[in-house]
Structures are given as structure tokens and as C-alpha cells.
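K.L.:
sequence first, predicted model second:
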Amino acid sequence: MTSVRLGLRANLAQFTLLVVVNGFVGAMIGIERAILPALAGAELHVAARAAILSFIVVFGVTKALSNYVAGRWADRVGRKRVLVVGWLVAAPVPFLLMWAPTWTWVLIANALLGVSQGLTWSTTVIMKIDLVGPARRGLAMGLNEFAGYAAVAASALATGFVAARYGLRPAPFYLGVGFVAVGLGLSVAAVRETGRHVAVEAGLRARLPAGGIPSQREVFWRTTALDRDLSSVTQAGLVNNLNDGMAWGLFPLLFAAAGMDLEQIGVLAAIYPATWGVGQLVTGAWSDRVGRKWLIVVGMWVQAIGIAVVAGSHGFAGFAGGGVLLGLGTAMVYPTLLAAIGDVAHPSWRASSVGVYRLWRDLGYAIGAVLAGVVADAFGLAAAMWLVAALTLGSGAIVAARMRETLPRPSAAA
């Protein structure tokens with residue numbers, strides 16, 4: 001046990017490997033980001049916006065549930081095993097998408113993708129938190145989320161480019177086959193278990209609440225509603241992914257309606273996650289210095305402004321500007337929320353709390369897709385976007401009013 005040390009520098013090789021692995025996890029989402037709404041209408045003859053967005057609903061629900069399971073499994077059977085299983089679940093996804101004769105096949109593929117994302121992304125988050133300890137948690141989450149969402153952007157850009165030249169199927173999905181092969185290979189051959197790091201941190205932070213380690217039910221309710229800090233983080237995470245689910249499903253439809261071609265849609269679909277991903281290189285570490293609360297509040301409000309700019313625009317420049325604002329706001333929020341969970345939850349039940357947070361956060365995909373699809377069918381694309389912008393603004397106000405600062409003081413972190 002004495003040979004195990006916490007910290008980014010002490011675990012740099014393994015931490016870097018996990019950053020790379022999470023890049024391939026994110027790339028699996030990117031293969032759908034630019035072209036699946038177009039595929040629904042052009043080849044599978046799905047017309048209603050609510051029906052098109054059903055793939056995001058399926059993805060969001062299955063990812064949310066597997067996040068919850070992943071946290072508990074990671075505490076019980078180890079992180080690496082959960083990571084490897086997640087990659088195995090992803091293996092059929094690109095083949096289902098390239099061969100799908102009906103929209104039902106796409107929904108099945110997205111169910112598998114959601115399960116895979118929940119297991120793999122949750123595990124890479126938990127393992128990085130394990131490795132770095134309390135002092136550099138924001139930086140660790142910034143690097144993790146940078147890798148994932150920069151890869152989403154690069155993959156969306158690449159699939160849009162390939163689709164514009166070779167068609168919607170099967171060529172863009174060949175990229176997914178490669179992502180699975182490399183991600184699974186690295187996870188099996190090179191990733192190491194981090195359970196001993198958890199034991200070290202638990203020893204340094206020995207004090208537990210009265211009654212010892214809480215039950216899973218207690219962790220669930222504490223993270224969902226009872227703890228003012230954890231529950232504030234959780235609702236912000238849900239609304240963040242609610243607006244991301246809307247953007248994923250409706251932005252390509254809005255861009256197409258404004259006359260953008262497939263290559264332009266691919267670029268626009270990449271701008272938002274690229275800004276989000278790169279921004280987290282700064283914002284995660286920044287939250288280790290200035291605190292978590294106000295980065296979350298301001299980030300939610302910047303997201304709301306970005307959505308409003310997209311909703312009010314009619315050309316490439318306006319869409320791109322709104323995407324940049326949305327990405328900047330999300331970069332302020334995303335790693336900071338995860339770091340705040342790590343600040344509050346004890347190492348002995350942290351993975352379970354992360355699982356509960358990610359359960360609610362990724363249900364936001366489903367809620368956002370359903371809400372956006374129904375409102376868009378009834379009142380138009382712009383109305384759905386304005387509603388989501390208002391909800392995002394309100395979520396930031398809740399954090400401002402209810403959450404306390406969670407960043408440990410230097411003496412506590414030491």
C-alpha cells in the first residue's frame with residue numbers, strides 16, 4: 001500500500017492512458033452527431049421531429065441507468081472490469097448503424113451505445129478521481145472531459161466530411177469500428193485497477209458520517225435531493241444535458257432548414273463540442289483555484305445565451321457564434337460539476353454518488369429530446385430552443401441560491 005501515491009504527476013502515465021481511452025469513448029458519440037438526423041429522413045423515412053429524436057431518448061435513458069449501475073459495480077467489482085464490459089457492449093453499434101434497414105435498428109444501436117457510454121465514461125471519470133486525489137480534482141475532470149468532447153467534435157467533423165463524399169452509409173460508420181477496436185485493446189492490455197488509490201485516500205480522509213458508510217438508498221437520496229450541494233449539482237447536470245439533447249437533435253434540423261449542406265452541418269455540429277472540449281483544459285483547473293459554485297452559475301447562464309443566439313440566427317455565422325457560446329458555458333459547468341461531487345462525497349461512497357449524479361444528468365438527454373421534439377412539432381424549432389434556454393437560465397439561478405462553495409480549503413486538501 002505504501003507504494004501507491006495520489007497525484008497527477010505520480011500517476012501521469014496511467015492518467016494519460018485514461019485520457020486517451022476516454023477520447024475513443026467520446027468519438028463513439030461523434031459518429032452520430034452530424035448525420036443521424038439526416039439519415040432518419042433521407043434513408044429511413046422518419047418525418048416527425050419527435051420520432052427523429054427518439055434515438056436520443058433511448059440513448060439518454062440507457063446511459064443514465066448504466067451510469068447508476070457503473071458507479072455501484074465499480075465499488076464492488078473494480079473499475080477496470082466495468083470499463084472492459086462497456087467496450088464489449090459497444091462493439092455491435094457501428095455495424096447496426098451501417099446496416100440498419102429500419103429505424104428500430106437505430107434505436108437498438110443507441111440502446112447499446114447508451115449502456116456502453118455509461119459504463120466506459122463513468123469508469124474513466126471515477127478512475128481519474130481515484131488517481132489524482134483531492135488537490136487537482138478540477139484539473140483531472142477538465143482533462144477527462146476535454147478528451148471526450150474534443151473527440152466528439154473531431155468524430156462529428158470526420159463523419160460529416162466522409163458522408164458528404166461517400167454517402168450517409170456505410171462509410172462514416174467504419175470509423176466507429178476502429179474506435180471500438182483501439183479503445184477495447186487499450187482497456188484490456190494497458191489500463192490498471194485503481195482500487196488501491198481509493199484505499200489510500202480513504203485512509204487520509206478517515207472521518208465518516210455518524211453511522212458509517214451510507215447505504216445505496218441513502219446515497220441516492222442524498223445526491224438527488226437531501227444534500228443541498230449534491231442535489232444542486234445534480235439538477236444542474238440534468239439541465240445541462242437537457243439542452244445538449246436538444247442541441248444534438250434539433251440543431252442539425254435547424255441548420256438544414258436554413259440551407260446548410262452536409263459538410264457545413266458537420267462543421268457546425270463540431271463547433272459546440274470542440275469549444276466545450278478545449279475550454280475544459282482551462283476551466284477544470286480554474287475551478288481548483290477560484291471555486292466551483294460561480295463557475296457553474298455563470299456557465300449555465302452563458303449556455304442559455306448561446307442557445308438564444310442560435311435560435312435567433314439564420315446563417316452560418318450566427319449558428320457558429322451561438323455554438324461557441326454554448327460550448328464555453330458548458331466548459332465552465334461540466335468538469336466543475338464532477339469536481340464538486342468529488343469534493344463532497346467521501347471516497348468510500350464517491351463512485352456510487354457519481355453514478356447517481358450521472359443517472360440524473362444523462363436522463364437530461366431523454367427529457368430534452370422529448371421536450372424539444374414535442375414543442376418543435378407543435379410550435380416550431382425556435383420555440384423549443386427558447387424554452388430550453390429559459391430552463392437553463394433557471395437552473396443557474398437555483399445553484400446561485402442554494403449551493404454552497406464545495407472546494408476544500410488548502411488545509412483540508414492537504
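P.N.:
Great, that's in hand.
K.L.:
okay, now the nearest residue to Y334 once chain neighbours are set aside: neighbour count?
P.N.:
Spatial nearest neighbour of Y334, chain neighbours left out: E145 (5.1 Å); criterion: CB to CB, 6 or more residues apart in numbering. Bear in mind the C-beta positions are built from the backbone N, C-alpha and C, glycine included. When counting by other CB atoms under 10 Å, one arrives at 28 neighbours for E145.
K.L.:
so where is the protein shaky, pLDDT-wise?
P.N.:
Judged by pLDDT under 70, the chain has its weakly predicted residues at 1-2, 47-52, 201-212, 409-414.
K.L.:
any idea which element A74 lies in?
P.N.:
helix 54-77 (DSSP states H and E).
K.L.:
mind listing what's buried in the helix or strand following that helix?
P.N.:
Following helix 54-77 in sequence order, the next helix or strand is helix 79-90 (DSSP H and E). Of all the residues in helix 79-90, those buried under the rule 16 or more other CB atoms under 10 Å are 79-87, 89-90.
K.L.:
determine which two of the residues you listed are furthest apart.
P.N.:
Pairwise distances across these peak at 17.1 Å for R79 and A90 (criterion: CB to CB).
K.L.:
thinking again about what came up before, and which of the buried residues of helix 79-90 is nearest V162?
P.N.:
Using CB to CB, A90 comes nearest to V162 of those, at 19.5 Å.
K.L.:
for A383, grab the count of nearby residues.
P.N.:
14.
K.L.:
where does it sit, in terms of helix or strand?
P.N.:
helix 381-402.
K.L.:
list the buried residues in that helix.
P.N.:
Those would be 381-382, 384-389, 391-393, 395-396, 398-400, for helix 381-402 by 16+ other CB under 10 Å.
K.L.:
how about L39, nearest residue that isn't a chain neighbour?
P.N.:
L168 (4.9 Å).
K.L.:
returning to what we had before: and which of the buried residues of helix 79-90 is nearest D288?
P.N.:
Closest to D288, out of all of the buried residues of helix 79-90 and judged by CB to CB, is R79, at 23.0 Å.
K.L.:
that closest one reaches T123, doesn't it?
P.N.:
Yes: assessed by CB atoms under 8 Å, R79 is found in contact with T123 at 5.1 Å.
K.L.:
torsion angles phi and psi at the residue nearest to L39?
P.N.:
phi -70, psi -30 (degrees, to the nearest 10).
K.L.:
mind listing what it touches?
P.N.:
With contact set as CB atoms under 8 Å, 6 or more residues apart in numbering, L168 has these partners: 35, 38-39, 42-43.
K.L.:
next, the buried residues of the helix or strand hosting G329.
P.N.:
Per DSSP H and E: G329 is located in helix 316-344. By 16+ other CB under 10 Å, the buried positions in helix 316-344 come out as 319-320, 322-344.
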